[in-house]
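Visitor: Generate a structure from the sequence data that follows.
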Amino acid sequence: MSPTEYSDEFKSFTKDPNRYIAHAGGVIDGITYTNSLESLNNSYQNGFRLFELDILVTSDQHFVAVHDWNSWKKNSSYSGSVPPTKDAFMSHRIFGYLTPLDMKAINQWFEAHPDAILVTDKINNPTRFAAAFIDNSRLKMELFTWQAVNEGLKTNINAVMPNGHLLKSIKGDPVDFLLNQSINELVVSRKVTLNNPNLMERLLENDIKIYAYNINSKGGKGEQKVACFERHLIYGMYADTWDFEANINCNLLTPHGSNKANQSKLKP
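Guide: Residues are numbered from 1 along each chain as shown. The predicted structure is shown next:
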């Protein structure tokens, strides 16, 4: 089967910007996890409209975009203790040339890109962050405790996205529980989706969107292979380099990893 013979469903999945979240802002110059201004600009130019930023708090209690302090310290050549102050964070460029983002810079970028949606990671304080962001109708937050989820549901944000690990703590049927809580988006590791295919398919059947991560990490599969062979288990994914214009030839890709039999039932 050639790419031109692929189903409309497959073409829609690969071209739909609502299904792909630019991971930590997306790749820039082959570098991931920068959470930088340049990564946002590059991903936007490449067609992304959902942008994940890792949000941590500086020593003087300001929100900034950074994956973790140890990596940031190394990549920015910062010599002080971490977390730094906001001013120290903003004065150190990542790899010497990439622009860091504080809340002012984040809000300015999203104000200038009114069709862009922010997806947060790391931060687990929805009330405080929602009060700091420029447009809560364009804010989705991955949250990591049920306390934070319940708090998030009381804020006026676009979506509360429980991390998939919270599914294990649900008593009773997870689908019924999420529907009763009006939760319709989840952030789930690819490992969890593969190990719970029946649950993932039931969630999707009930219009609960599953965004998968651990796509390109060690032991991951890669973005195109997930789109080809695992999209029946997810709604979308966190992507570093997704090309919305590419015509993917799944015949050149080989399924590998867990649950090969389950993966192979999906055809482009």
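
Visitor: Compute the number of surrounding residues for residue 168.
Guide: Applying other C-beta atoms under 10 Å, we find 9 residues neighbouring residue 168. The way it works is simple: take the backbone N, C-alpha and C, and place the C-beta from them, glycine included.

Visitor: Next: residue 246.
Guide: 11.

Visitor: how much space between it and residue 224?
Guide: To residue 224, residue 246 is 8 Å away according to C-beta to C-beta, to the nearest Å.

Visitor: Please apply the same query to residue 26.
Guide: With C-beta to C-beta as the criterion, residue 26 and residue 224 are 16 Å apart.

Visitor: Which elements pack onto the helix or strand hosting residue 238?
Guide: Here residue 238, judged by DSSP states H and E, is contained in strand 236-239. Counting contacts by 3 or more C-beta pairs under 8 Å, 6 or more residues apart in numbering; DSSP states H and E, strand 236-239 packs against strand 20-22, strand 209-213, helix 223-229.

Visitor: would you list those in CSV and tack on distance to residue 143 and mean pLDDT?
Guide: Formatted as CSV, the helices and strands packed on strand 236-239 follow (distance: least, C-beta to C-beta, whole Å; pLDDT from 0 to 100):
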stretch, distance to residue 143, mean pLDDT
strand 20-22, 15, 98
strand 209-213, 13, 98
helix 223-229, 24, 94
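
Visitor: among these, which is the most enclosed?
Guide: The highest average neighbour count among these, using mean count of other C-beta atoms under 10 Å, belongs to strand 20-22 at a mean of 27.

Visitor: List the buried residues of whatever helix or strand residue 128 lives in.
Guide: In the assignment (DSSP H and E), residue 128 maps to helix 126-132. Across helix 126-132, burial judged by 16 or more other C-beta atoms under 10 Å covers 126, 129-130.
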